[in-house]
Structures are given as C-alpha cells and as structure tokens.
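K.L.:
coords please:
(one chain, ligands or ions: 2)
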Amino acid sequence: MTKSFRIAPSILSADFARLGEEVKTVIAGGADWIHFDVMDNHYVPNLTFGPMVCQALKPHAKTPAGEAIPIDVHLMISPVDPLAAAFADAGADLISFHPDASGHVHRSIQAIKSKGVKAGLVFNPAESLDVLAWTLEDIDLILIMSVNPGFGGQSFIDSALRKIEQARKLIDASGKDIRLEVDGGIKADNIRRVADAGADTFVAGSAIFGKPDYKAVIDQMRLALA
Ligand code: DX5
Ligand code: ZN
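P.N.:
Ligands and ions are numbered 1, 2, ... in the order given. Next up, the predicted model:
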C-alpha cells in the first residue's frame, strides 16, 4: 500500500462545552481529519449534533498555518438524504452513511456527490460488503465499524479485521482511489494490526480525547504505524 495514513479524531469524546477549542487543540496535535459523529436516537440509541454545529466548527477546522482540515461526517441517521444535503451545505468534506439506513443507496450517494462532497458507505459489525458490488465505482470512502455504532469507548471487535481485508481486496481490484477507514476501539496499541489488515484511515475518539495530551497519543499512533 503506497497511501499515506490519516488519523481522524472523533469529537464524540471531546468536551462539548469547548468544542471549537477541542478541534483546534487536536488539529495542533496532528489530526489529519475531524470525524463528526451524527446520531439521531432512531437509527442508533444516542443523540449528538447536527449541521449547525458542523457549520460553527468549520472555521476552526484548519491548521495553525491556515491549511483546511477535512470534516469527515459519519451519519448514523435514518432517513439519510435530507440531513446529508444540510451537512454538505454546512461545510462537510466527506459524508458517509449506513446503506441499511437509506431506502435508495445509489440515490443517496449521488445526492451527496451532486453537492461536490465525497461520499462513503459505512458497514456495521454484522453487515456484509455485498452492496459494494453495485456502488464501489461511485464512492470515495469505505468505513468499517469495529464497534456497534452509537457510543464511544467500546472495545474493538476482532472480526472487523477480516472485513477490512475483504474491503482492501475490493479496493485494490477496482484500481480506484478509495479510502479505507475504520471506526471504533482504535488505540495506539492496536492501530498497527488494523493497518496491517489494509486500513489507511483511523477514527479514534476516547483514545485521544480521553487523555490530557492529544499530541502525545497521535504521535504514539503514528509511531506504531511507521
Ligand atoms: C461510534 C462512533 C465512533 C466513536 C468511536 O458510533 O462512530 O466514531 O466516536 O469512539 P472510540 O474511538 O472511543 O471507540
Ligand atoms: Zn464514527
């Protein structure tokens, strides 16, 4: 794999009373993307934030030198389309959704892309990758869940490694430039195994925001990946 790795801290585990500052601090600590977990208390049993919060954070999503840091929106909502459009307007750079949350997966992908935003599909631990046979050519990102969606701080589910390997084969066979992201239970001490299975982009919430020094954790992760 020649692609460079990306670390995407999930602000689900940040201090919500100081979100702008948290985003700035984690970017100064080396975050490549900001992962933004949207939950609706319907598709998943939890409720987080919407497009207005994304829009408010957008001006903070840049390095101290002013370089833009992508906002990686992970929709855990059903229906998908109305809020996907709102997140595109709110400054999302990538929008991923769960295929089982949309009645018309192909249409939802096209709706995201028509806004000039990258589109991704997310796979729960017990969900197969079958839909990729019909969608791979249209997407920019595959997100493999290594926990059940809804909460931070859960343990990594090992069967995700086999699914990451499968997804890597599909991506390589397609010859397309598609990111392979993994979400849930990622820490400095397992990130290498996840990369070895074929992932190139790593979401980490509690591992980073649960420690006082975000940069130290991100540095440890990069060291493990090196
Ligand atoms: C879970 C979310 C994750 C979550 C990961 O539904 O999609 O992005 O923040 O949290 P950790 O890294 O703590 O497992
Ligand atoms: Zn997520």
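K.L.:
Where does G150 sit: helix, strand or coil?
P.N.:
State at G150, reduced to three classes by DSSP: H, G, I helix; E, B strand; the rest coil: coil.
K.L.:
Please enumerate the helices of this protein.
P.N.:
Along the chain, the stretches classed as helices by DSSP state H are 19-28, 51-57, 81-89, 105-113, 132-135, 159-174, 191-197, 206-209, 214-225.
K.L.:
Export the ones you listed as TSV, with columns for mean pLDDT, distance to I95 and mean neighbour count.
P.N.:
C-beta here means a position set from N, CA and C on the backbone, and glycine is covered the same way. Listed next are the helices of the chain as TSV, based on pLDDT from 0 to 100; distance: least, Cβ to Cβ, whole Å; neighbours: other Cβ atoms under 10 Å:
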stretch	mean pLDDT	distance to I95	mean neighbour count
helix 19-28	98	18	18
helix 51-57	98	10	17
helix 81-89	97	5	18
helix 105-113	98	5	19
helix 132-135	98	14	14
helix 159-174	98	19	17
helix 191-197	98	23	18
helix 206-209	98	22	23
helix 214-225	98	24	17
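K.L.:
Now do the contacts for S155.
P.N.:
V147, G185 (Cβ atoms under 8 Å, 6 or more residues apart in numbering).
K.L.:
Just give the number of residues close to A92.
P.N.:
When neighbours are defined as other Cβ atoms under 10 Å, A92 has 26 of them.
K.L.:
same deal with the one 3 residues further on?
P.N.:
Residues lying near I95 (other Cβ under 10 Å) number 30.
K.L.:
what does V44 give?
P.N.:
V44, neighbours per other Cβ under 10 Å, totals 21.
K.L.:
ditto for V117
P.N.:
Count around V117 with other Cβ under 10 Å applied: 22.
K.L.:
Leaving out chain neighbours, which residue sits closest to it?
P.N.:
In space, and not counting its chain neighbours, V117 is closest to A88: 4.6 Å by Cβ to Cβ, 6 or more residues apart in numbering.
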